[in-house]
Each structure stands twice: as C-alpha cells, then as structure tokens.
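**Q** got a structure for you, letters missing:
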C-alpha cells in the first residue's frame, strides 16, 4: 500500500492513504515487535534451566534456521525494488517520508529483527518436536501484517470498494540475477547466515 497515492481515499473508510497506511502498519508492527519481545525473553542459557538436557541433532536445527531465513527474506527483492523507486510514486516530500518510513519498518527492520531473534529462538528448542513447533511460531510472526491487510481487502471487497490497479516497476536484471545465484541456485548466503546463527546460539550464547 506504500506505493498508492498518499492523498487517495483508502477503501470504505475514506481515510487518505497517508493516514490509513501508517495506522495499519503501526498495528502490525506493534503486534510483531510484541511477539518478538516475548521470544527474546526465552533466550536463556540452557544449563540455567535444565540440569540434565540432551543435545539435539544439529541438522534439524540448522534446517529450521535455514527455512526461517528464507521466510524472512522472501519479499526482500520486491521490497528493495519498491524502495528504490518509491520517490517516483510520491512527489510530495512529506508523503514520501511517511510512506518510506512505513516501508522501511515493515519490509526491512521488522524482518531483520524477526530473523535475528527467531533464529536464536530456534536454538532454544529442547526436542525435535519443539524445533518443528518453534519453526511454525517464528514463521507466523512474519505474516501478521499480511493477515491484517488481508482482512482489510475482504472488508473493502464486501463493501464494493475494491478496484484493480496494475503497477509496473522497472526491471533489475543484474541485481535479481545476483540474488538468484546467492540465495537460490548456490545458496551461499542462507547457508552462511544459518551456520552463523547456529554457532552463535549453541556455542556462544549456549542456548
């Protein structure tokens, strides 16, 4: 919604996007940061909680962290392209600042925080079942904003206020090619990041 005209009315509420978009983003960000805060409170040295504990197979934790990384970065190429061309959608400086702040928070800061805390939280798992449940838990935090936006779309659709819009963003072949090679075909970045979180969680913080 950050690329929509800031002064255009937002659905059935008739609230300008300049105010409606930050309100939706604020709600989503507060919920996400709140969940991440409580995840952070669980990052405790395992020896402080359990006198006797069994080591997990490192492979299952690494896989969970890897999948968590992919979940947090799946929208990164699109978000980067939107951020790069956002000034083309908002000529007014105040509108650009508001929408850019929302985009930066929602597309970069919260996913980065979720990646960091969620990756470490997975290292606190005590069993294979815990790893799977914790992987689902950290994954759903990333989708909280999409749930709120989805509800907004459904409400406007039932009110007859949904209009189709097509947005064309310039292509970035070189950047996307580098992303595809580094993240997908030869996944050096997710492997290195996942291994880093595994090492930090188990061997530095002793989670």
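**A** Noted; the coordinates are in hand. Since the structure is predicted, the reported quantities are computational estimates derived from the model, not experimental observations. Numbers count the residues shown, from 1 in each chain.

**Q** and residue 146, what pLDDT?
**A** What the model reports for residue 146 is a pLDDT of 88.

**Q** would you mind measuring from it to residue 32?
**A** Taking CB to CB, to the nearest Å as the measure, residue 146 falls 11 Å from residue 32. Yep, even glycine has a C-beta here, placed from its N, CA and C like the rest.

**Q** more crowded one of those two?
**A** residue 32 (21 against 11; other CB atoms under 10 Å).

**Q** where does that one sit: helix, strand or coil?
**A** Secondary structure, DSSP: H, G, I helix; E, B strand; the rest coil: residue 32 is helix.

**Q** is it true that it touches residue 143?
**A** No. Using CB atoms under 8 Å, residue 32 is not in contact with residue 143; the gap is 9.5 Å.

**Q** which stretches of the protein form helices?
**A** With helices called from DSSP state H, the chain shows them at 17-40, 46-49, 58-73, 76-85, 93-104, 110-122, 128-142, 144-158, 173-180, 188-199.

**Q** just put those helices in a markdown table and tack on distance to residue 4.
**A** Output for these, formatted as a markdown table (distance: least, CB to CB, whole Å):
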| stretch | distance to residue 4 |
| --- | --- |
| helix 17-40 | 5 |
| helix 46-49 | 47 |
| helix 58-73 | 25 |
| helix 76-85 | 12 |
| helix 93-104 | 9 |
| helix 110-122 | 20 |
| helix 128-142 | 22 |
| helix 144-158 | 12 |
| helix 173-180 | 24 |
| helix 188-199 | 32 |
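
**Q** most packed of these?
**A** Sort the helices of the chain by mean neighbour count, taking mean count of other CB atoms under 10 Å, and helix 110-122 sits at the top with a mean of 22.

**Q** against residue 59, how distant is the closest residue to residue 191 other than its chain neighbours?
**A** Using CB to CB, 6 or more residues apart in numbering and skipping residues adjacent in sequence, the residue nearest residue 191 is residue 66, 7.3 Å away. Distance of residue 66 to residue 59, given as CB to CB: 10 Å.

**Q** same thing with residue 190?
**A** 15 Å.

**Q** quick one: closest of the helices of the chain to residue 164.
**A** When the helices of the chain are compared by CB to CB, helix 144-158 sits nearest residue 164, at 11.3 Å.

**Q** mind giving me the packing neighbours of that closest one?
**A** Applying 3 or more CB pairs under 8 Å, 6 or more residues apart in numbering; DSSP states H and E, one finds that helix 144-158 makes contact with helix 17-40.

**Q** got the angle for the helix it packs on vs helix 128-142?
**A** Relative orientation of helix 17-40 and helix 128-142, computed by axes from the mean of the first three to the mean of the last three CA atoms, to 10 degrees: 160 degrees.

**Q** what does helix 17-40 rub up against?
**A** With contact meaning CB atoms under 8 Å, 6 or more residues apart in numbering, helix 17-40 is reached by 1-2, 4-11, 13, 15, 95, 98-99, 101-102, 105-106, 110, 113-114, 117-118, 121, 137-138, 141-142, 144-145, 148-149, 152.
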